[in-house]
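Peer 1: Predicted model, plus sequence, below.
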There are 2 protein chains.
Amino acid sequence: MIAFTACIQSNQKTEASDNSASIDPLPSWNDGVTKSAIIQFVHETIKIDGANYVHPKERIATFDQDGTLWCEQPVAQLEFVSYQIRRMANSRPEWKDIQPYKSIIEGNKDYLINDYLNNHGKELMKLIVTTHSGMTLAEFYADVQEFMSSSMHPTYNKKYTETVYQPMIELLQYLQNNDFKTYICSGGGNDFMRVFAEETYGIVPENVIGTFAMNSFEQVNGSWSIVKGKDNFFMNDGLTKPAAIEQRIGRIPIFVAGNVRSGGDIGQLTYSKTNKLPNFQLLVHHDDDLREFAYSEKDSASLKAAEKGQWHVVSMKNDWETIFSFE
Amino acid sequence: MIAFTACIQSNQKTEASDNSASIDPLPSWNDGVTKSAIIQFVHETIKIDGANYVHPKERIATFDQDGTLWCEQPVAQLEFVSYQIRRMANSRPEWKDIQPYKSIIEGNKDYLINDYLNNHGKELMKLIVTTHSGMTLAEFYADVQEFMSSSMHPTYNKKYTETVYQPMIELLQYLQNNDFKTYICSGGGNDFMRVFAEETYGIVPENVIGTFAMNSFEQVNGSWSIVKGKDNFFMNDGLTKPAAIEQRIGRIPIFVAGNVRSGGDIGQLTYSKTNKLPNFQLLVHHDDDLREFAYSEKDSASLKAAEKGQWHVVSMKNDWETIFSFE
């Protein structure tokens, strides 16, 4: 009990003081309105006597992954799908004549692009089911680990986990150091992201919220095992992200970070605006074609929503002094 | 950083010492092999230099609710279903002639029992959908709150949240005080249990794992809201509980508590046995018809599994000095 009281007192002291102001918590961010706004929000959130204090239990922060925490050109998990199909094809010679496997084996990207444009990506879904269900969870983890340790980003020639944005890593750590519970809420797979989320982002498995199907618990070769499933499939994207956050956390985030590309984060950013507690929205805009990529949305829905909702837009070009730690 | 280090040191001191042995952490438990085994397990888990030490991150404990943490005669959530149907019936006069609503309005329990026995409970499912979907989450929370504060357990004439088992409340607190992350993993609804789990059990919303359907995020009367859904329905019971634990936590529990009635906890108890870390299984047996209820399973599957797996069986009659705080 003494130890517990001591901790509470220590935390209070830390929270009430502004010692942290003397050390820059976000050194890879250029000084400017975005950086200042983040630091001000955190200071106010932890200031116990302040009007905007938020209890640690309520300090929920959710981050999209692809395009927000690391590159989404290409999407690493889709590269994993191709990688797995090519590996599995060695023992499935019939695949060389069957779509959609044929297109992957031949490296023909048009097939899946046309499928996406004309057929709601149903062929891609077949590939996802093939590579993400039927095996034990332990086997799946091993496959993802193998992919992650052996595959390189095509532009940077670095492992995918090295293509994380250094400013966002600092932001995650800054929030974690101030007793925020940080979550990933992304279109990536629950089980896929868990393989590297803790080491890469300091995000524990229970805080990884992704696309999922419900797995099963069954005997495999005489041992009880979790087996990857394909039923109850839930795509965690766009307006469904708030539903996943609700299912997993049961609280509305006070801090959400997403990015411009497909409008996929408008849902969770809007959701955090419905919080009665102080809240903060961050939208990463990819406008740096020299150091990373420059792209926008056809309808600019995310940027329009940001303007309407007074979200904080990050210009990668102007707000980030460093993008990658390997620069 | 100084404050953080101080906390770590304090924790280490607490964990390495056995001061806690002098104060009984489980005063409502009679001395005996079950109580001793629990205390020994916790001591070994937190002893930093010991062979059975488990890092706090891995100290995951899951508890069934109905019959493990509180009475399941009757099941409170099914009482809520009847309560809601009767309330809603005031504005649905046509229900008095339509099954399954008619049976609830008339208090005819045979209809649903026959449905359960002969029709896989499909009629009950209609009632669950009617009372658990279509409204905003805020409205649903208010309805559950209203039910919980106004309804009484038929035998004890106490609120349902007062029919919790005092020994299990002490066990939850004991684990929480030793840095276990305690979860509910129960057939009850995710959103239903969250209404009272934190106040009743000290279990935060993100640690409530229950039966669920995916909700949606939509505009209701001009405001963005979570709306209770009925799709992607997942019944969290029996062998599906490990799948839900995997979806929500991504780690195997080291401590699981369930109860004898329908075999509904064999899955999660078996799952914890697959953990390579030290693990503990507790199975509550309802054998006290004087103070609570006495019931068993037709096939004794849970008790047989307990014997085979060397789980610890709690005799409510012999192991618990007190069952309810109101005794």
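Peer 2: Nice, I can see it.
Peer 1: In stretch A:172-191, which residues are buried?
Peer 2: A:172, A:174-175, A:178-191 (16 or more other CB atoms under 10 Å in any protein chain shown). From N, CA and C alone the C-beta is placed, and that goes for glycine too.
Peer 1: Please apply the same query to stretch A:105-116.
Peer 2: A:105, A:111-112, A:115.
Peer 1: again with stretch A:84-92
Peer 2: A:84-85, A:89.
Peer 1: now do stretch A:65-77
Peer 2: A:65-72, A:75-77.
Peer 1: Now, the buried residues of stretch A:105-116 that are in helices?
Peer 2: A:105, A:111-112, A:115 (DSSP state H).
Peer 1: Nearest to chain B among those residues?
Peer 2: Chain B lies nearest to A:Asp115 out of these, by CB to the nearest CB, at 24.1 Å.
Peer 1: Run through the stretch 151-300 of chain A and note the low-pLDDT ranges.
Peer 2: Regions of the stretch 151-300 of chain A meeting the criterion pLDDT under 70 are absent.
Peer 1: Quick one: distance of stretch A:182-194 to the chain centre.
Peer 2: Remark: stretch A:182-194 is offset 6 Å from the chain centroid, using CA atoms, centre = their mean, to the nearest Å.
Peer 1: Also stretch A:250-268?
Peer 2: For stretch A:250-268, the separation from the chain centroid amounts to 10 Å (computed by CA atoms, centre = their mean).
Peer 1: got the buried residues for it?
Peer 2: In terms of neighbour count (16+ other CB under 10 Å), stretch A:250-268 has its buried residues at A:250-268.
Peer 1: sorry, back to before: output the buried residues of stretch A:65-77 as a markdown table; include the columns pLDDT.
Peer 2: Below are the buried residues of stretch A:65-77 laid out as a markdown table (pLDDT from 0 to 100):
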| residue | pLDDT |
| --- | --- |
| A:Gln65 | 98 |
| A:Asp66 | 96 |
| A:Gly67 | 97 |
| A:Thr68 | 98 |
| A:Leu69 | 98 |
| A:Trp70 | 98 |
| A:Cys71 | 95 |
| A:Glu72 | 93 |
| A:Val75 | 93 |
| A:Ala76 | 95 |
| A:Gln77 | 95 |
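Peer 1: Among the residues you listed, which one sits closest to chain B?
Peer 2: A:Gln65 (15.4 Å).
Peer 1: and stretch A:254-266, how far apart are its ends?
Peer 2: 15 Å (CA to CA, to the nearest Å).
Peer 1: do the same with stretch A:87-95
Peer 2: 12 Å.
Peer 1: same check, this time on stretch A:295-308
Peer 2: 21 Å.
Peer 1: Around chain B, which positions in the stretch 151-300 of chain A sit nearby?
Peer 2: Residues of the stretch 151-300 of chain A found near chain B (CB under 8 Å from any CB of the partner chain) are A:181, A:190-191, A:194, A:204-206, A:208, A:212, A:214-218, A:223-226, A:229, A:232-234, A:239-244, A:246-251, A:267, A:270-271, A:273-274.
Peer 1: ok, of these, which come out buried?
Peer 2: A:181, A:190-191, A:194, A:204-206, A:208, A:212, A:214-217, A:225-226, A:229, A:232-234, A:239-244, A:246-251, A:267, A:270-271, A:273.
Peer 1: A:Ile209 against A:Gly188, yeah?
Peer 2: No - the pair A:Ile209 / A:Gly188 is not scored as a contact, 9.7 Å apart, by CB atoms under 8 Å.
Peer 1: all strands for the stretch 151-300 of chain A, in order.
Peer 2: Here the stretch 151-300 of chain A has its strands, by DSSP state E, counting those that start in this stretch, at A:181-189, A:208-220, A:223-234, A:255-259, A:280-285.
Peer 1: Go ahead and name everything in contact with the shortest one.
Peer 2: To tie it back to what came earlier, the one meant is strand A:255-259. A:41, A:59-64, A:66-68, A:72, A:168, A:171, A:175, A:180, A:185, A:264-266, A:268-269, A:271-272, A:279-286, A:302 (CB atoms under 8 Å, 6 or more residues apart in numbering or on different chains).
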